[in-house]
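Student: Build me a structure from this.
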Amino acid sequence: MDKKINVLVLPCGAENGIEIHHALKDVVNLKLVGASGKDDHGRFVYENYIGNMPYITSQEFVGFLNKIISDHSIDIIIPTHDDVVVKLAQEQKNINTIVTTPGLEQALICRSKKKTYHLFREYQFCPTVFSSLPSADQLPIFAKPDEGQGGKGAMVIDNENANLLNEELLRDYVLCELLPGEELTIDCFTDRKGKLRFVGPRKRDRVFGGISVRTSTINLTPELNYIATVISDKLKMNGLWYFQLKKNANGDFKILEVSVRTSGSMNLYRALGVNFPLLTIYNALGYDITILKNEYKLTVDRSLQNKYDADLEYNTIYIDFDDTVTKNGKVNPEVMMFLYNAKWHNKEIILI
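Tutor: I've put the predicted structure just below:
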């Protein structure tokens, strides 16, 4: 691997696109390019950033994408949104590089809750799904869009809002048993030979905007490993993927969804040595991989961070030493980060 591997992340500005940047930015043999259909946070993160590219619904999308591939010598594309995964899987034969999807069938099944539940309908971990409108004595139930993510549009339907039940809801939503118990996400990796190589369960301790912003590792049980193995084998997974489970009223785990894209909180296991995006790249390029995971428990907690775009041009920085570079007798690491970045941009630094 003497040559740099050029990786395109599309789109790059959401939490999982930022996680891929964190996971790959310091890998010496990789070069990252981020692209998005709108001007998003990726512009502040990716050194090589392409904004305002055509949306996947545009007839110009594939042609524009192939121009990016040509201009930047892209070796591999990592899609980060479920709809983009489906589109790139559909167009793989027309795209002039490798896309890290297990295939079109897998992408379509994982994009649809109805197709996912139909595939696993004979397994105990599949929730009860209503094929017709439930009766009053079957309420409460849970309704969620067939194609959706982050809990958007999902709702509990009980006797108080039973008037929402209609044929249109039945067509566009999945109606299933209410799952009031513990919720888990299980991050997984299957190699190109179809072997499930890693299963990492984690608790969703705190959720904000559908994103798990506090999550903790838990022990892998035989039950969780069994469910992961069934999903991997039935869907013929290849690369990184994850699924979510929630307990029903009887304490049984039921599947919520399966996804073949990076999750933003895969950084939890990355901190333990399991770099899912990097493993997926090497796997897609045909390399054999080994996974070495540290065996201690870990919790990650995330919050919003600020980036600034200032209309200010400067070449020289004057900075005080006491109480700026140092504080209470210790070096301020954030100031040093700023100074190193300034030197990298050829700014003159004058110490006061």
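Student: what's the average pLDDT for stretch 119-132?
Tutor: What stretch 119-132 shows for mean pLDDT is 94.
Student: buried stuff in that stretch?
Tutor: For stretch 119-132, the buried set under the neighbour-count rule, 16 or more other CB atoms under 10 Å, comprises L119, F120, F125, C126, P127, F130. In this view, the C-beta of every residue, glycine as well, is placed from N, C-alpha and C.
Student: what residues does it touch?
Tutor: The contact list for stretch 119-132 (CB atoms under 8 Å, 6 or more residues apart in numbering) reads 109, 114, 117, 138, 141, 170, 174-177, 179, 227, 230-231, 234-235, 245, 248, 252-255.
Student: Identify the residues contacting V85.
Tutor: P79, T101, A107, C110, R111, V260, R261.
Student: Out of these, who's the most crowded?
Tutor: C110 (27 neighbours; other CB atoms under 10 Å).
Student: what distance separates whichever strand or helix holds it from the middle of the whole chain?
Tutor: Element membership for C110 (DSSP states H and E) is helix 104-111. Helix 104-111 has its C-alpha centroid displaced from the chain centroid by 16 Å (CA atoms, centre = their mean, to the nearest Å).
Student: do the same with stretch 132-142
Tutor: For stretch 132-142, the distance to the chain centre is 33 Å (CA atoms, centre = their mean).
Student: Ends of it, what's the gap?
Tutor: With CA to CA, to the nearest Å as the measure, stretch 132-142 spans 14 Å from end to end.
Student: What segments of the stretch 1-150 of the chain are helices?
Tutor: 15-24, 42-45, 61-71, 82-90, 104-111, 113-119 (DSSP state H, counting those that start in this stretch).
Student: Correction: the previous question concerned the stretch 151-300 of the chain.
Tutor: 167-172, 222-235, 267-270, 276-284.
Student: And the longest one, what's buried?
Tutor: When neighbours are counted by 16+ other CB under 10 Å, the buried residues of helix 222-235 are found to be L224, I227, A228, I231, S232, L235.
Student: With stretch 338-345 instead?
Tutor: In stretch 338-345, counting by 16+ other CB under 10 Å, buried: L339, A342.
Student: Would you mind checking the average pLDDT for that stretch?
Tutor: 92.
Student: in the stretch 251-352 of the chain, which segments are predicted with low confidence?
Tutor: By pLDDT under 70, the stretch 251-352 of the chain has no low-scoring segment.
Student: What ranges does it have for its strands?
Tutor: 253-259, 299-301, 316-319, 326-327, 330-331, 348-351 (DSSP state E, counting those that start in this stretch).
Student: Compute the inter-axis angle for the longest one and helix 222-235.
Tutor: Strand 253-259 runs at 40 degrees relative to helix 222-235, counting by axes from the mean of the first three to the mean of the last three CA atoms, to 10 degrees.
Student: So that it lines up with my notes, have the first residue be 572 from now on.
Tutor: Renumbered: residue one is now 572, and that last one reads strand 824-830.
Student: Does anything pack onto strand 824-830? Which helices or strands?
Tutor: On a contact count with 3 or more CB pairs under 8 Å, 6 or more residues apart in numbering; DSSP states H and E, strand 824-830 meets helix 675-682, helix 684-690, helix 793-806, strand 810-818.
Student: Check which strands are paired with that strand and give the direction for each one.
Tutor: Sheet partners assigned to strand 824-830 using DSSP bridges are listed as strand 810-818 (antiparallel).
Student: from the chain's centre, how far out does the partner strand sit?
Tutor: So, by CA atoms, centre = their mean, the centroid of strand 810-818 is 11 Å from its chain's centroid.
Student: I'd like the average pLDDT over it.
Tutor: 96.
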